[in-house]
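Asks: Pasted the sequence and its predicted model underneath.
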Amino acid sequence: MMLCIAACWLALSATPGRAAENCKVCHRVTLEGVHARLACLSCHLSESATLANPAAAAGGAQGCSGCHAGYARLFDHAMGTRDRERRFVERSIGRFDAGFFENRCGSCHLAGCTDCHGGSGHRLKRAGDRACFACHKGYFVGTDYYGMAPREDSLRYQRGEVAYGQSFLKMTPDVHAEAGLRCAACHSMTSLAAGEKASKGCRDCHRVSQKVVEHRIAAHLEKLECYACHSAWAAQEYGTFWLRFTDSTLQEEFEVKENAGNYLKSAYLRKQDAPPLGINAAGKVSPIRPQFLLYFSDIRNDRAVGGWTAGGQDLLENRLLAAEWKTFFPHTVRRGTVMCEGCHDTPRRYLLEAPQDRIYQLQADGMTLPSFWDRSGQKVVNGDFLPMARYRRVAAKTQEYQRAYLEKWQQLIKHVEASSSP
Amino acid sequence: MRRANLTTNRVFPLWLGLILLLSLSGCAEQSPRKMGCERCHLRIERVSASHPRCVSCHGGDPEASVATVAHKTMYGPKNPAAPEHWEKSCGACHQYQVGRMKANLMYTGTGMIKNTQLTWEGWDEQLYSSRGGEVIDPLGNRLTLKPVAELDNLSGELYRKFCSRCHVGQGTGDVYASSHGSGCAACHFPFNNDATYQGTDPVMRGKAPFSASHALEALPGNQVCARCHNRSGRIALSFQGLYDGNNSLVPTRNGSPGPVLLSGLRNAVHIAPDVHAQAGMDCIDCHTSRDLMGDGYAYQNMNLQTEISCEDCHGGARLPRYREIARESDEALRESRNYRIRMRPGMKMVQTAKGRSYSNVFYQDGTVYVLGKRSGKLFKSKVITGSAEHSIVGHGRMECYACHSRTVVQCYGCHTRYDKTVKGMDFIKGRETPGRFSETEDYRMLYPFPLALNQRGKVSTVTPGCQTFVTVVEPDGTASKNEYVARFKGKQQLRFAPFFSHNTGKRAVGCVECHGNPAFLGFGQHVVAGGDIYGTLICEQSADKPLDGFLTLQDGRVRAYSAITREHSRPLNGSEVRRTLAVNTCLVCHAKASDPIYRKELDYRALDDAVHRRLLARP
């Protein structure tokens, strides 16, 4: 009987244009949106070998790529493979928990076209910012564009409005967001499919105005990314802690946001001021941030277990598994910048903080590093710290620097009216 | 060897004197060992050599053979030093001290209660205290303080349900690392972290809440201060080099939240300590007994009760002042009795800002020395009067700590919720009443820190004081106030307060660091665009107001939208902001504070003179 029905279906479906009706005898599906007029098999391909999920990355999004040729390449790039994240986990916490990546990092990767283009394939729509923020939120560049910075992990700080599942600290939004530009304005589908970060650079739209003192300094234009100066702020996470508990009641004492299952995550310190600067793969000065300064404590039966030696000390917990920084582009662009000394007279921004200027005494708390803002024992994985020779040039108070500095400050000072309002 | 001899030589006459004293006073007949109390309280440690008899302090009946009878007439029975008994116990001998304590802010809480009112919903023109009472104000007028139990508003509730835990009018026994006795015992009979007696009396051992030992602490250590001063301004933490910052509870310590655990499930991490702490100085090495126990007058703010300043030991425009000990009634002689080195007649005692003698700071051979009251260490004080860095024209207006603070703890956005649908403990009334407070916070930071004018008209570090957003939930569950910003000085605004963080560094904030970073002027984290300086960390309720500052510059106009509390205090105004920023045009070439141009008023027109024009001409 079943065979008979199947045979009938096959026969009917052989007639082009009538396919939809055949499927819809059982599947009462209404298509909406841009694909409303398409036949079922346009995406599900064949009645004999029906594609259950035509948009699935696992099947190369066969149902979509028939028309949208080439876009399936997106799954071969960072958002699909997450190679860099996987490798990071492998060389850090994965050494202690082989299943960490599979168990803990599953929520943020592309599973198919519908991740961004509408939750259900039958109501496809253009991907909006909201789709991006499913993953690009919190510490992962995205929601910063709309002025949201991650809050401290302690429940004392987890307050206020919640967006995309995160309570956030209200910051100045990106000037482009204020102007109404969406993510896609700079991140076109074509660029994503090609594995490029963006379809537009700053200078594709902006002409560099020579009226601005800093723009008249040739070295600035040659050696700096625009966003080295124009990122108004950037989320920085100093000391990312993962704690693993086995048969321990102590876990309940940690009142922090992410405390479920046998793992708990917290951060020693979060900042959102002007980020440190390094050199990116293109050799240009760019913002950098910790990603990650990863510490791990393994707690079994309410006792820290492990045991290793660092700096001549036998240690049990807070094991430093990675001290890695990455160059990045905070999406917090403003017309304004810091003043000259914000870069030229602030060694901390190059991780060259003098020992006597250290505020946080990490080693007193068994955290191995002398300071977050000291390069020793740390590295930039997709670039480098500013080489010392270059730093010395940045910090040198040459006559050219003094002249430009004077002009810049005079411009500001002459603006400041002597009167003020209360 | 020599040291041992010295000790023997000193101790011998001391013993002789003591025996003589005891026999004269009649104490010798009633040796403490014969007291009935010690039949049960075996081996309990002596309070001190000068406090031999149990009943002098505790009352009770030492002859009774049954504990309940013996205890029946005791003062307390737990803490005879509590304010309800201190007249009969401590005050029977130490009338001068108990008299001062009655007007002492740490006991009355008058300043806190008044300031909470001022910044929350307006002052009702009444002065309150933890228990009420008659006091004398600094002008010599009689003053009646009403008991805070009668303050029937949110400020009163806040004091009774929150602040009162840390004031010596009330004891606290159930807060980890923050418990303390009440009255004199708060400082002189220190509690340990668990408020548990761990002395040598087997009957009392392990019981709580009691002081760790029955021995009197004549000179309280830093831990005593830290029992209370670990919240709000957190000065005891900053001084020791601890920061309870973001409360992230990491790094772990033995698998528990760490590295240092504080009350209320807060953790502290180590930061650079105050230079004085680093040298081994204790809180009481700077703070006189009059700072801590009051001088007998009832002030309305701690900055008025405090009599010390940095300049006392380090000099300022003038050298530290001194007065020789000329009379045998000099307080320094009496107060130094428990120090490792006692002051002697003829010593040149350094004067506090109020012109009273320190009991442990003196000139010797032209050098100012501070004696560690507990440690006996001698600290040499560096006098800065006349040095180049401290003779900058214009900097006479600066408090020392405006430059010498390493960090200033700043808590931004204090969201206080008062929920009347649940009950909360009223520690003054001693019972639960409707309404419980809870608190969340936006952001904490240490550096940089803002500066503004304080009550003395000087440029001082300031910290949010407070940025309270109040939510009140009525018994029916509706919110009568929702994230409400109280009115202060006639308008709804947040407040900053002049504040000394107690995290002093030898190295000052650099010239360029301070003048070149508008965050120090109160602009918060910011960017500069043309004639605008605007904040990047924004108040939830207003798109153009930064949360971590109180100034903006819009089209060249300096706008202040937060108040600085205390009389005469205010943010820097437009011309002051301009003057401060204008210094950068000199600093870029004249980078050193010792440069002679800073010995006189800066002349910005100098940039147009022939020398500067030639130097600045483009090649």
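Replies: Yep, it's here. Numbering: from 1, shown residues only, chains lettered A, B, ... in the order given.

Asks: can you list the residues of the stretch 101-250 of chain A near chain B?
Replies: Within reach of chain B by C-beta under 8 Å from any C-beta of the partner chain, the stretch 101-250 of chain A has these residues: A:147, A:151-154, A:156-161, A:169-172, A:232-233, A:239, A:241, A:243, A:248, A:250. The way it works is simple: take the backbone N, C-alpha and C, and place the C-beta from them, glycine included.

Asks: Those residues in strands, which ones?
Replies: Here DSSP state E is the test, and these give A:169-170, A:239, A:241, A:243 as lying in strands.

Asks: Taking those, tell me the two that lie furthest apart.
Replies: A:Lys170 and A:Leu243 (29.3 Å; C-beta to C-beta).

Asks: The two: which has the busier surroundings?
Replies: A:Leu243 (29 against 21; other C-beta atoms under 10 Å in any protein chain shown).

Asks: ok now do the more buried one, which residues does it touch?
Replies: The contact partners of A:Leu243, by C-beta atoms under 8 Å, 6 or more residues apart in numbering or on different chains, come to A:251, A:254, A:263-266, A:296-299, B:250, B:252.

Asks: Can you tell me how far B:Gly133 is from chain A?
Replies: 36 Å (C-beta to the nearest C-beta, to the nearest Å).

Asks: looking at it, A:Ala273 is touching B:His526, isn't it?
Replies: To be clear, residue A:273 is Asp; Ala isn't right here. No: using C-beta atoms under 8 Å, A:Asp273 is not in contact with B:His526; the gap is 9.3 Å.

Asks: if we can go back for a sec, which one among the contacts of A:Leu243 gets closest to B:Asp544?
Replies: Once C-beta to C-beta is applied, the member of the contacts of A:Leu243 that ends up nearest B:Asp544 is A:Ser266, at 33.2 Å.

Asks: In terms of helices and strands, where is the closest one?
Replies: strand A:263-271 (DSSP states H and E).

Asks: Could I get the contacting residues of the closest residue to B:Ala218 other than its chain neighbours?
Replies: Nearest residue to B:Ala218, sequence neighbours excluded (C-beta to C-beta, 6 or more residues apart in numbering or on different chains): B:Asn338, at 4.3 Å. Residues in contact with B:Asn338 (C-beta under 8 Å, 6+ apart) are B:218-219, B:373.

Asks: swap in B:Ser129?
Replies: Contacts of B:Ser129 (C-beta under 8 Å, 6+ apart): B:107-110, B:113, B:135, B:145-148, B:169.

Asks: Which SSE is immediately downstream of the lengthiest strand in chain A?
Replies: Taking DSSP E as the criterion, chain A has its longest strand at strand A:285-300. The helix or strand immediately downstream of strand A:285-300 is strand A:303-305, counting by DSSP H and E.

Asks: for that next one, what is the average pLDDT?
Replies: The pLDDT scores in strand A:303-305 average 94.

Asks: can you tell if the helix or strand following that strand touches chain B?
Replies: Following strand A:303-305 in sequence order, the next helix or strand is strand A:308-310 (DSSP H and E). No: Strand A:308-310 stays clear of chain B (C-beta under 8 Å from any C-beta), getting no nearer than 13.2 Å.

Asks: any idea which helix or strand comes after strand A:308-310?
Replies: Next element after strand A:308-310 (DSSP H and E): strand A:313-315.

Asks: That next one near chain B at all?
Replies: No: using C-beta under 8 Å from any C-beta, strand A:313-315 never reaches chain B; the gap is at least 10.6 Å.

Asks: Next, format the contacts of B:Ser129 as TSV and append pLDDT and secondary structure.
Replies: Formatted as TSV, the contacts of B:Ser129 follow (pLDDT from 0 to 100; DSSP: H, G, I helix; E, B strand; the rest coil):
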residue	pLDDT	secondary structure
B:Tyr107	96	helix
B:Thr108	96	helix
B:Gly109	96	coil
B:Thr110	96	helix
B:Ile113	95	helix
B:Val135	97	strand
B:Leu145	97	strand
B:Lys146	98	strand
B:Pro147	97	strand
B:Val148	96	helix
B:Gly169	87	coil
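
Asks: Give me the buried subset of those residues.
Replies: B:107-110, B:113, B:135, B:145-146, B:148, B:169 (16 or more other C-beta atoms under 10 Å in any protein chain shown).

Asks: Count the residues that sit near the residue of the stretch 51-200 of chain B found nearest chain A.
Replies: Per C-beta to the nearest C-beta, B:Tyr176 is where the stretch 51-200 of chain B lies closest to chain A, at 11.6 Å. Neighbours of B:Tyr176 under the rule other C-beta under 10 Å: 14.

Asks: same thing with the one 5 residues further on?
Replies: Burial of B:Gly181 is recorded as 26 neighbouring residues (other C-beta under 10 Å).

Asks: what's near enough to touch it?
Replies: So B:Gly181 contacts B:79, B:81-82, B:171, B:189, B:191, B:209, B:211 (C-beta under 8 Å, 6+ apart).

Asks: And the contacts of the helix or strand hosting B:Val69?
Replies: Using DSSP H and E, B:Val69 sits in helix B:67-72. Defining contact as C-beta under 8 Å, 6+ apart, one finds that helix B:67-72 is touched by B:36-37, B:40, B:60-64, B:77.
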